[in-house]
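> With the input below, show me the fold.
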Amino acid sequence: MSRRSIALVLVLFSVSAAASTTVIFDGNKVEAIGAFADPGASESLKKALEPAGLRISLPDGAYCDIWLRAGVASGKTDAQGAVYTWLGESALVGVIAFARATTDFRGQPIKPAAYTLRYGLHPTDGNHMGISPIRDFLVLVPVALDQNPDAQFKFEELIKMSTKASGTNHPAVLSLASTDKAAAPKVEPNEHGQLVFSSKLKTQSGADLAIAFIVKGIAEQ
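Sure, this is the predicted structure:
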């Protein structure tokens, strides 16, 4: 086989592989994209992520890109109401880059930019009563402020960093959702009309665990 023929086969294989990762549900689409390359991010952060990202498009166009961490650090929490008990406090789960202005789970405005996603639990106080069926959240931090993927932050420190994403005195958050099956990436509405992204998340031990979080939609209150 000539070099030209081999090159053609490789191109066709790449196109076919990319097409096989495209999932469409009710007009919402998830498709594979390239590596995270935001100039404001550190090289260590870029290397900590999966080499391929996922683009979520709505019927009116691209909404956000997600790069999950390639080997998230496993932790353990016995906090009451927690579902993702295998994630440690402030563990880096991935990066999300919004293509357009949007809102977080509390309805706070979020600018189109790239943010790290770190695990956290909302406080068990009256201000957070009933905000979500579970306590587990992803806290958004501008990538320029979160350069070390292995950093561990205290709750108060993480919240302070996240206020730079929300522009308020409250952190910017996306609610995690309960899921029990690690499956291929997809995005679909839940019973509240919130758009839920779900996928596999690989741990440092190599295990594939299920993760799901609301990428569009606000708390039902």
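> can you give me the helices in this protein?
Using DSSP state H, the helices of the chain run over 3-20, 43-48, 155-166.
> Where among the ones you listed is average confidence lowest?
Ranked on mean pLDDT, the bottom entry among the helices of the chain is helix 3-20, at a mean of 39.
> Surely Gly81 is in contact with Ile134?
Yes: using Cβ atoms under 8 Å, Gly81 is in contact with Ile134, at 6.5 Å. Where C-beta positions appear, they are placed from N, C-alpha and C, glycine not excepted.
> More neighbours: which of the two?
Ile134 (16 against 12; other Cβ atoms under 10 Å).
> pretty sure the more buried one contacts Ala212?
No: in this structure, Ile134 is not within contact of Ala212 by Cβ under 8 Å, at 10.7 Å.
> Give the residues shared as contacts by the two.
Leu176, Ala177, Ser178 (Cβ atoms under 8 Å, 6 or more residues apart in numbering).
> For the first one, give me its contacts.
It stands for Leu176. Val83, Tyr84, Ile134, Asp136, Phe137, Leu138, Ile211, Ala212, Phe213, Ile214.
> The last one now?
When contacts are counted by Cβ under 8 Å, 6+ apart, Ser178 is found next to Val83, Pro133, Ile134, Ala212.
> Filter the residues you listed down to the buried ones, PyMOL style.
Burial among these is assessed by 16 or more other Cβ atoms under 10 Å; the matching PyMOL selection reads:
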select buried, resi 83+134+212
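> Out of the contacts of Ser178, list just those in strands.
Ala212 (DSSP state E).
> Cool, thanks, signing off.
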